[in-house]
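A.B. asks: Any chance you can model this:
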Amino acid sequence: MKKSTKISMGILAFLPLILLLSYFAFFVGIFIELFSMAESANNNQLTSTAPEHLFSRYMIGVIVLMGLMLLSSLTLLIVYIIHIMNNPKLKQNTTLQLIWALVVLFGSFIGAIVYFIIEIYPTASQKDHIEEKSPTTSIS
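C.D. replies: Got it, this is the predicted structure:
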């Protein structure tokens, strides 16, 4: 697999996580601003915006982040399932193919990150090096 394809698959794997963290940061920002407004109201200072205006102002950003997260998660699911089914290393072992498909399906972006780290990111020489070090025992 080309390096540019690996990079794009990695970006796609980590994008929902980045969007989720920014979604949480957005909510923390909303609550911090609401608490500062409540504090200034307790100190009898005039507030320039009411809490409902603050909520409606941030709601557009929340909806956009949720939409981007949904779109990136669905794209991630489709692209990674197609990659799992077309991966030549997994075509020999259909059980492993099914396990990876279920991990990505039920594990969502966390399962995709694990699949990326184990199956996509390592180069062929690293994969061979890992397989050489793994113990092989035979029962005689």
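A.B. asks: what packs against the one helix or strand Phe35 maps to?
C.D. replies: In this assignment (DSSP states H and E), Phe35 forms part of helix 3-42. Packing contacts for helix 3-42, counted by 3 or more Cβ pairs under 8 Å, 6 or more residues apart in numbering; DSSP states H and E, involve helix 51-86, helix 94-115. To be clear about C-beta, it is placed using only N, CA and C from the backbone, and glycine gets the same treatment.
A.B. asks: Just want the angle from that helix to helix 94-115.
C.D. replies: Here helix 3-42 points in a direction 50 degrees away from that of helix 94-115 (axes from the mean of the first three to the mean of the last three Cα atoms, to 10 degrees).
A.B. asks: quick revisit: most packed of the helices and strands packed on helix 3-42?
C.D. replies: helix 94-115 (a mean of 17; mean count of other Cβ atoms under 10 Å).
A.B. asks: Send me that helix as PDB with only the CA atoms.
C.D. replies: Below are the C-alpha coordinates for helix 94-115, written out as PDB (Å, rounded to 0.1, in the frame of the first residue of the first chain):
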ATOM      1  CA  THR A  94     -11.900 -15.600   6.600                       C
ATOM      2  CA  THR A  95     -12.300 -15.900  10.300                       C
ATOM      3  CA  LEU A  96      -9.800 -13.100  11.000                       C
ATOM      4  CA  GLN A  97     -11.500 -11.100   8.300                       C
ATOM      5  CA  LEU A  98     -14.900 -11.500  10.000                       C
ATOM      6  CA  ILE A  99     -13.300 -10.700  13.400                       C
ATOM      7  CA  TRP A 100     -11.800  -7.400  12.100                       C
ATOM      8  CA  ALA A 101     -15.100  -6.500  10.400                       C
ATOM      9  CA  LEU A 102     -16.900  -7.000  13.700                       C
ATOM     10  CA  VAL A 103     -14.300  -5.100  15.600                       C
ATOM     11  CA  VAL A 104     -14.600  -2.100  13.200                       C
ATOM     12  CA  LEU A 105     -18.400  -2.400  13.100                       C
ATOM     13  CA  PHE A 106     -19.000  -2.600  16.900                       C
ATOM     14  CA  GLY A 107     -15.900  -0.700  18.000                       C
ATOM     15  CA  SER A 108     -16.500   2.200  15.700                       C
ATOM     16  CA  PHE A 109     -13.600   4.600  15.500                       C
ATOM     17  CA  ILE A 110     -11.700   2.900  18.300                       C
ATOM     18  CA  GLY A 111     -11.800  -0.400  16.500                       C
ATOM     19  CA  ALA A 112     -10.700   1.400  13.300                       C
ATOM     20  CA  ILE A 113      -7.800   2.900  15.100                       C
ATOM     21  CA  VAL A 114      -6.700  -0.500  16.400                       C
ATOM     22  CA  TYR A 115      -7.100  -2.000  12.900                       C
END
